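Novice: Sequence and predicted structure are below.
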Amino acid sequence: MTNSASAKYQTRSGSKAKLTTVPKVRLYVERPEERDWFVHVGHVTERGRWRTEPHAHPAYGQVIFVRNGRGVMNLEGSSVPFEGPCALLLPTECVHGLDYEVDADRWVVTIEVAYLAQVNARLHEFIALWAAPRVIPLAHSAEAGMEFCSLIHSLKEEVESDATGHVVGTEALLTMLLLKLVREARLDAAHESSTRNDIRLVERFRKLIDEHFRENLPLQDYASMMAVSLVQLRAACASATEQSPTKMIHARIITEAKRNLIFGDMSVEQIAFGLGFADAAYFTRFFRREVGQAPSQFRAAARQQPHRKASSQ
């Protein structure tokens, strides 16, 4: 394996293009000037059908608890049905849209990104939990949904309280909420072979990839920024993700390419330049090798797929 993704694709030096085809949104918080916040809990009570177009929110992560009702989540261009009781976990930068059926009862827990990073540092399973968007069913027992609802209700009360120690109380309840999600998602045993240090190192690597994936940096540059050796970086990625560092970089490029092919109207050439490729031909070969289709074929197939709705039966 080479030390640089340059062996896999060629980039246009000094590319400054930024892709803005996916809307980036910020949370609406009532009277934000009156109160600093790091966790916000809202209970959505509107009647009727409710829908949001695909978007991302880089400043926070969300847990949406659907107490009852059903719908379909547009997740990175794919339709994912869900039915309450369940939790929808949406990491930062995850591109998603939501289409709820009539009168779905839901709670939305929003966590500011810097605080979320602090919480994740407490337990390596939390990092695994937020590594990807997911639907976590809570219907295996009658008590599971009720317990989750009660925990969110208590969290909302603590967040809005001015009582002594309400910040500590909020942190404790949020930690319990995420711990319950880890257990319900069966993540407590899924990463036993990965050490805490490996997972934290890979999380740092993911953040650097997000910042630099358009620049075609050699792996040594990433390792140097993290003050680790290439051997350590490769070993950590293999332990925590079962992927090589180069494969993780390629996956991030492909994710961004797919988003723009599905949600945007730029040409393949514009997308290639925006991702730092020297020209569309290099990008097309790279995309075909990773995905199995040319970018134009992928776009056509994705846009021909009707949004799959959850069954009404």
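Specialist: Ah, there it is. Numbers count the residues shown, from 1 in each chain.
Novice: what sits against Arg299?
Specialist: Leu261, Ile262, Val268 (Cβ atoms under 8 Å, 6 or more residues apart in numbering). Backbone N, C-alpha and C define where each C-beta goes, glycine included.
Novice: if you set the cut-off to 6 Å instead, what comes out?
Specialist: Leu261 (Cβ atoms under 6 Å, 6 or more residues apart in numbering).
Novice: likewise Leu88?
Specialist: So Leu88 contacts Ile64, Val135 (Cβ under 6 Å, 6+ apart).
Novice: Quick check: Phe283 vs Val228, distance?
Specialist: Phe283 is 30 Å from Val228, where distance means Cβ to Cβ, to the nearest Å.
Novice: More neighbours: these two, which one.
Specialist: Phe283 (26 against 17; other Cβ atoms under 10 Å).
Novice: Doesn't that one lie inside a helix?
Specialist: Yes. Phe283 forms part of a helix when assessed by DSSP: H, G, I helix; E, B strand; the rest coil.
Novice: hang on, it packs against Ile271?
Specialist: No. In this structure, Phe283 is not within contact of Ile271 by Cβ atoms under 6 Å, at 7.2 Å.
Novice: which residue ranges form the strands in the stretch 51-200 of the chain?
Specialist: 60-68, 70-75, 78-83, 86-90, 96-100, 105-112, 134-137 (DSSP state E, counting those that start in this stretch).
Novice: Let me know the average pLDDT across the helix or strand hosting Val231.
Specialist: Using DSSP states H and E, Val231 sits in helix 230-241. The average pLDDT within helix 230-241 is 86.
Novice: which strands and helices sit next to that helix?
Specialist: Contacts defined by 3 or more Cβ pairs under 6 Å, 6 or more residues apart in numbering; DSSP states H and E place helix 230-241 against helix 196-212.
Novice: how about a cut-off of 7 Å?
Specialist: Here helix 230-241 touches helix 196-212, helix 219-226, helix 245-263, going by 3 or more Cβ pairs under 7 Å, 6 or more residues apart in numbering; DSSP states H and E.
Novice: Which SSE is immediately downstream of the longest one?
Specialist: Same thing as helix 245-263. helix 268-274.
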